[in-house]
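Enquirer: based on what follows, work out the 3D shape:
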Amino acid sequence: MSAMRVLMHLSPEEPTWLCDACGAQLEGEPAGRGLLLFVRGDHVVREEPPLCERCAHAIGMTALQRWEMEEDDG
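Expert: Below is the predicted model:
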(Lines give C-alpha, C1' and ligand atoms only; values in the text may rest on other atoms or scores of the structure.)
Protein backbone atom coordinates (compact mmCIF):
# COMPACT_ATOMS: atom_id res chain seq x y z
CA MET A 1 0.00 0.00 0.00
CA SER A 2 1.36 3.39 -0.94
CA ALA A 3 2.07 5.88 1.83
CA MET A 4 0.04 8.39 -0.18
CA ARG A 5 -3.09 6.27 0.34
CA VAL A 6 -2.44 5.64 4.02
CA LEU A 7 -3.84 8.93 5.31
CA MET A 8 -7.58 9.19 4.72
CA HIS A 9 -9.28 12.40 5.76
CA LEU A 10 -12.71 11.47 7.05
CA SER A 11 -13.08 14.91 8.58
CA PRO A 12 -10.84 17.96 8.19
CA GLU A 13 -10.06 18.00 11.92
CA GLU A 14 -9.03 14.39 12.61
CA PRO A 15 -7.11 12.25 10.11
CA THR A 16 -7.55 8.48 10.28
CA TRP A 17 -4.45 6.37 9.74
CA LEU A 18 -4.21 2.85 8.30
CA CYS A 19 -1.40 0.45 9.22
CA ASP A 20 0.78 -0.04 6.15
CA ALA A 21 1.49 -3.69 7.04
CA CYS A 22 -1.96 -5.07 7.95
CA GLY A 23 -4.37 -2.32 6.91
CA ALA A 24 -5.92 -1.92 10.38
CA GLN A 25 -7.45 1.45 11.13
CA LEU A 26 -5.48 3.26 13.85
CA GLU A 27 -6.97 5.42 16.55
CA GLY A 28 -4.82 8.45 17.32
CA GLU A 29 -1.18 8.54 16.31
CA PRO A 30 0.58 5.48 14.85
CA ALA A 31 2.52 3.31 17.32
CA GLY A 32 5.50 3.20 14.95
CA ARG A 33 6.65 3.95 11.44
CA GLY A 34 8.37 1.89 8.79
CA LEU A 35 11.16 3.14 6.57
CA LEU A 36 11.09 2.62 2.82
CA LEU A 37 13.82 3.95 0.52
CA PHE A 38 13.47 3.98 -3.25
CA VAL A 39 16.47 4.96 -5.38
CA ARG A 40 15.90 6.16 -8.92
CA GLY A 41 19.19 7.31 -10.41
CA ASP A 42 20.38 10.17 -8.22
CA HIS A 43 16.96 10.70 -6.67
CA VAL A 44 16.12 9.01 -3.33
CA VAL A 45 12.49 8.80 -2.21
CA ARG A 46 11.96 8.22 1.51
CA GLU A 47 8.59 7.09 2.91
CA GLU A 48 7.71 6.48 6.57
CA PRO A 49 4.39 4.63 6.53
CA PRO A 50 2.46 4.33 9.82
CA LEU A 51 2.26 1.02 11.69
CA CYS A 52 -0.12 -0.29 14.35
CA GLU A 53 1.35 -1.38 17.68
CA ARG A 54 1.22 -5.08 16.82
CA CYS A 55 2.97 -4.70 13.44
CA ALA A 56 5.53 -2.19 14.76
CA HIS A 57 6.51 -4.64 17.50
CA ALA A 58 6.62 -7.67 15.18
CA ILE A 59 8.71 -5.89 12.53
CA GLY A 60 11.10 -4.46 15.14
CA MET A 61 11.65 -7.82 16.84
CA THR A 62 12.18 -9.58 13.50
CA ALA A 63 14.80 -7.00 12.49
CA LEU A 64 16.57 -7.34 15.84
CA GLN A 65 16.60 -11.14 15.57
CA ARG A 66 18.03 -11.05 12.04
CA TRP A 67 20.69 -8.54 13.09
CA GLU A 68 21.75 -10.81 15.97
CA MET A 69 21.86 -13.82 13.63
CA GLU A 70 24.16 -11.94 11.23
CA GLU A 71 26.51 -10.97 14.08
CA ASP A 72 26.72 -14.62 15.20
CA ASP A 73 27.62 -15.73 11.65
CA GLY A 74 30.23 -13.08 10.99
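
Enquirer: would you map the helices across this structure?
Expert: Assigned by DSSP state H, the chain shows helices spanning 3-6, 53-73.

Enquirer: out of those helices, flag the one nearest Gly34.
Expert: helix 53-73 (6.9 Å; C-beta to C-beta). Backbone N, C-alpha and C define where each C-beta goes, glycine included.

Enquirer: which outside residues touch that closest one?
Expert: Contacts to helix 53-73, defined as C-beta atoms under 8 Å, 6 or more residues apart in numbering, come from residues 19-22, 24, 30-34, 51.

Enquirer: just give me the neighbour total for the residue lying closest to Pro30 once chain neighbours are set aside.
Expert: Leaving aside its chain neighbours, Pro30 sits nearest to Pro50 (3.3 Å; criterion: C-beta to C-beta, 6 or more residues apart in numbering). Pro50: 21 surrounding residues under other C-beta atoms under 10 Å.

Enquirer: ok, now the one 5 residues further on?
Expert: With neighbours defined by other C-beta under 10 Å, the count for Cys55 comes to 20.

Enquirer: ditto for the one 5 residues further on
Expert: For Gly60, the neighbour count with other C-beta under 10 Å is 12.

Enquirer: kindly report the same for Ala21.
Expert: As a measure of burial, Ala21 has 18 neighbours, counting by other C-beta under 10 Å.
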